[in-house]
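> Any chance you can model this:
(one chain, ligands or ions: 1)
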Amino acid sequence: MIGLPMNVPAPGLPARVRIHEVGARDGLQNEKTAVPTEVKAEFVHRLAAAGLSTIEATSFVHPKWVPQLADAEQLFPLLADVDAALPVLVPNERGLDRALALGATRIAVFGSATETFASRNLNRTVAESLAMFEPVVARARQGGAHVRGYLSMCFGDPWEGAVPVHQVVSVAKALLDLGCDELSLGDTIGVATPGHVQALLSALNEAGVPTDRVGVHFHDTYGQALSNTLAALQHGVTTVDASAGGLGGCPYAKSATGNLATEDLVWMLDGLGIETGVDLAALTATSVWMAERLGRPSPSRTVRALSHKE
Ligand code: MG
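You can find the predicted model right below:
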């Protein structure tokens, strides 16, 4: 049984990648099974022990919209001793107040590159949602918090089809102009392919957005997440979002496969000799443990391969 990939570096790639782990937030909010608060706390502790340095912990949205994460107030204090950055999602000023009251130092807002998704997910136009984020980002930064701007539907939208690159660039620039420290470009329905990824990154550069302010968030719905990640790394991206065990199906494609699995990503990066700080065996054990809690096997190929018993 091979437990680690062979290490064969390739030219033109970064020496180190920071993985932004989203399993506890983006993963669990899209799982049907609600997970007890203590299990979530143990999950985050185990992810940190496996070497993940940025772990998105929860979301301060109204519990009516995301009941899976309704325990944010109870969970966050249980993470005080976690040795990792713990960003939390906040949808508006009310969510920001709740997060800051608990001592959150990194927040994320969640924007859309398309009008249809903004309307369906945020109940606002793109312009109205940016106006809603403006005081959130300003107040978070006044308080010294780091702000990440998620941008969803950057490649395709289930209602609008292909999303023009210039449209994504325009909203991305607007989020940075509000004061976001970094962007996460989301392929929410997993339809991107590598040329499209590089075209968007180049267009952002041409519009004055440096690659070091951009992370990528790929979904594996059509099996393209790692190809797209490699294309982004070749362009110079060094922040990659992934979800332990591939937690979180794709809510818009009714597919079992959504988020790129962190183990699949680490397998590729380990093979390329790119540093992540992550212990693949410890991470896989964590995802196997969480899969047992959820009562369904992890969709990650790497988790399945490494946990397969003869
Ligand atoms: Mg996702």
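
> Please look at Val147 and Glu134 and confirm they touch.
No - the pair Val147 / Glu134 is not scored as a contact, 11.5 Å apart, by C-beta atoms under 8 Å. For the C-beta atoms, the positions are set from N, CA and C on the backbone; glycine is no exception.

> and those two? which has more neighbours close in?
More crowded of Val147 and Glu134, by other C-beta atoms under 10 Å: Val147, with 23 against 15.

> Where does the more buried one sit: helix, strand or coil?
In three-state terms, and counting by DSSP: H, G, I helix; E, B strand; the rest coil, Val147 is strand.

> now swap in the one 3 residues further on and tell me
Assigned state for Tyr150: strand (three-state reduction, three-state DSSP).

> The residue in the stretch 1-150 of the chain that the ion sits nearest to - how many residues pack around it?
Closest contact between the stretch 1-150 of the chain and the ion, by C-beta to the ion, is at Asp26 (4.3 Å). For Asp26, the neighbour count with other C-beta under 10 Å is 25.

> how about it, what does it touch?
Asp26 makes contact with 56, 241, 243, 247-248, 259 under the criterion C-beta atoms under 8 Å, 6 or more residues apart in numbering.

> Tabulate the residues you listed (CSV), appending distance to the ion.
Formatted as CSV, the contacts of Asp26 follow (distance: C-beta to the ion, whole Å):
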residue, distance to the ion
Glu56, 10
Asp241, 7
Ser243, 7
Leu247, 10
Gly248, 6
Asn259, 4
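
> in stretch 155-168, what counts as buried?
155-158, 163, 165, 167-168 (16 or more other C-beta atoms under 10 Å).

> what does this protein put close to the ion?
26, 259 (C-beta under 5 Å from the ion).

> Okay, now the unreliable bits of the chain?
Applying pLDDT under 70 to the chain picks out residues 1, 249-257, 310.

> hey, where'd the strands end up in it?
18-21, 54-55, 58-59, 88-89, 106-112, 146-152, 156-157, 161-162, 182-186, 214-217, 239-242 (DSSP state E).

> Of these, flag the one that's most buried.
strand 58-59 (a mean of 28; mean count of other C-beta atoms under 10 Å).

> Would you check that Ser59 makes contact with Val22?
No - the pair Ser59 / Val22 is not scored as a contact, 10.6 Å apart, by C-beta under 8 Å.

> what's the single longest helix in the chain?
Counting residues, the longest helix found in the chain (DSSP state H) is helix 126-142.

> buried ones in that one?
Neighbour-count burial for helix 126-142 flags 126, 129-130, 132-133, 136-137, 140-141 (criterion: 16+ other C-beta under 10 Å).

> In this protein, mark out all the helices, start to finish.
28-29, 37-49, 72-75, 93-101, 115-117, 126-142, 165-178, 194-206, 225-235, 262-271, 280-294, 301-307.

> would you turn the ones you listed into CSV with distance to Pro14?
Converted to CSV, those look like this (distance: least, C-beta to C-beta, whole Å):
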stretch, distance to Pro14
helix 28-29, 29
helix 37-49, 22
helix 72-75, 33
helix 93-101, 31
helix 115-117, 30
helix 126-142, 27
helix 165-178, 21
helix 194-206, 14
helix 225-235, 6
helix 262-271, 10
helix 280-294, 19
helix 301-307, 21
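
> Let me see the contact set for Arg304.
Arg304 is in contact with 297-298, counting by C-beta under 8 Å, 6+ apart.

> Let the chain start at 49 from now.
Sure thing, new numbering starts at 49, so read that last one as Arg352.

> how close does it sit to the ion?
20 Å (C-beta to the ion, to the nearest Å).

> Excluding chain neighbours, what is closest to Gln122?
Closest residue to Gln122 apart from its sequence neighbours, by C-beta to C-beta, 6 or more residues apart in numbering: Thr85 at 5.0 Å.

> sorry, back to before: mind checking how far the longest helix of the chain is from the chain centre?
Here the centre of helix 174-190 is set off from its chain's centre by 20 Å, with C-alpha atoms, centre = their mean, to the nearest Å.

> And stretch 334-349, by the same measure?
Distance, stretch centre to chain centre, for stretch 334-349: 18 Å (C-alpha atoms, centre = their mean).

> Also stretch 267-278?
14 Å.

> tally of neighbours for Tyr270?
Residues near Tyr270, counting by other C-beta under 10 Å: 16.

> Next up, the contacts around it.
For Tyr270, the contacting residues are 238-239, by C-beta under 8 Å, 6+ apart.
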